[in-house]
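A.B. asks: this one's sequence-less:
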């Protein structure tokens, strides 16, 4: 009788253990997708934090937030005719308010073409690749009357980028004056790196946003000049650019003009 009681007790223990194991498996199955959906939190590197605070102002870029892969580039830069109102935070035009537009044109093939004002005089031409990337193949400067073409095109927002991921590549550059556009006045080559740094809380006059930070940097030579350039783009889903920083160092002389302003924050759109 005691043997039977012992066997029955052991059976109850085994059943209880299997029930607990099943419950744990169910909990993991339910919890894991939610945990994956939270994304990875990447602290802002100290050098980037210092540059952003210096050129945008302290407190603009705040806490690190969970980051997700870039599933749709146009989520972070919606392609629609609109005007962005920015306040200049650093550079010779500090304090100025600028209206920078995004406008669509149509090509004979019916394909849309987009023109985005980076500054009042500097415009980027943006297209959406077959892979879903937003690319910037050319930039024109109306003040200096030049167009700058990079091959391959500068990346703007790249679909499929993972938080913390970097992509490095080489480019050729052609700088043409618009009064004789068939002539390449200056040429050169660049080594570029495009990085999805992470996701951060951004507070600007236009509001508070959960924004991804893209760092695009290159070094190289254009004509006789050695060029070092770094751009920071802060994109908020459904809004677009909410803050930008552009830093350029040319050791010889200006080949083409980029607005000396280095920081902007969104006021409204």
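C.D. replies: Perfect, thanks for sending it. No experiment lies behind these values; they were computed from the predicted model shown.

A.B. asks: Distance check, the residue positioned nearest the centre of the chain against residue 141.
C.D. replies: Taking C-alpha atoms, centre = their mean as the criterion, residue 214 is the residue nearest the geometric centre of the chain, at 3.2 Å. Going from residue 214 to residue 141 by C-beta to C-beta, to the nearest Å gives 22 Å. (Glycine included, C-beta is placed from N, CA and C.)

A.B. asks: pLDDT weak spots in the stretch 151-269 of the chain?
C.D. replies: Along the stretch 151-269 of the chain, the model assigns pLDDT under 70 to residues 183-185, 249-261.

A.B. asks: What is the distance between stretch 200-215 and the centre of its chain?
C.D. replies: Centroid displacement of stretch 200-215 relative to its chain, using C-alpha atoms, centre = their mean, to the nearest Å, is 11 Å.

A.B. asks: List the buried residues for it?
C.D. replies: 200, 202-204, 206, 209, 211-215 (16 or more other C-beta atoms under 10 Å).

A.B. asks: Pull up the distance across that stretch, start to finish.
C.D. replies: Length of stretch 200-215, first residue to last, C-alpha to C-alpha, to the nearest Å: 13 Å.

A.B. asks: what's it in contact with?
C.D. replies: 44, 48, 59-65, 67, 70, 76, 85, 87, 157, 193-199, 230-237, 239, 242-243, 265-269 (C-beta atoms under 8 Å, 6 or more residues apart in numbering).

A.B. asks: Recalculate using a threshold of 6 Å.
C.D. replies: 61-65, 195, 197-199, 232-236, 242-243, 265-268 (C-beta atoms under 6 Å, 6 or more residues apart in numbering).

A.B. asks: can you check stretch 106-122 too?
C.D. replies: Outside stretch 106-122, the residues touching it (C-beta under 6 Å, 6+ apart) are 79, 98, 100-105, 123-126, 141-143, 259.

A.B. asks: contacting residues for residue 269?
C.D. replies: Here residue 269 is in contact with 82, 84 (criterion: C-beta under 6 Å, 6+ apart).
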